[in-house]
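Student: sequence and computational prediction follow.
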Amino acid sequence: MGKVEIDVAYVAHLARLELNDGEAEAFQGQLDGVLGHIAALGRLDLEGIEPTAHAAPIHNVFRADEPRESVPESDALANAPLAANGLFITPKIVE
């Protein structure tokens, strides 16, 4: 795989960054290094390797979902700017 030239000025514009020439040159070198590593990964023989989202197994650490008392409706709506019939009233946002 040949060297891929990235338009650093264009990427900086998309990210709303202002770069001087020295910074753009430094980022060009860094991006070239990242793409080189990605190219090296693309050359690996991954036959028989299962895809994974995490390098180590993870487990659900959430509590059990059990019914319990909720916040009283009056407390939930106490700070609402507008409420009616037990509901929050919000401005219309769809035109």
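Tutor: Happy to help now that I have it.
Student: buried set for the top helix by length along the chain?
Tutor: In the chain, assigned by DSSP state H, the helix with the most residues is helix 21-42. Using 16 or more other Cβ atoms under 10 Å as the test for burial, helix 21-42 gives F27, Q28. C-beta coordinates here come from the backbone N, C-alpha and C atoms, glycine included.
Student: what's the first helix or strand after that helix?
Tutor: Remark: after helix 21-42, the chain's next helix or strand is helix 73-76, criterion DSSP states H and E.
Student: packing partners of the helix or strand following that next one?
Tutor: Heading C-terminal from helix 73-76, the first helix or strand you meet, by DSSP H and E, is strand 83-84. Contacting strand 83-84 under the criterion 3 or more Cβ pairs under 8 Å, 6 or more residues apart in numbering; DSSP states H and E is no other helix or strand.
Student: ok, residues contacting strand 83-84?
Tutor: Outside strand 83-84, the residues that touch it by Cβ atoms under 8 Å, 6 or more residues apart in numbering are L77, I89.
Student: distance from the longest helix of the chain to the middle of the chain?
Tutor: Its chain's average C-alpha position is 21 Å from that of helix 21-42, according to Cα atoms, centre = their mean, to the nearest Å.
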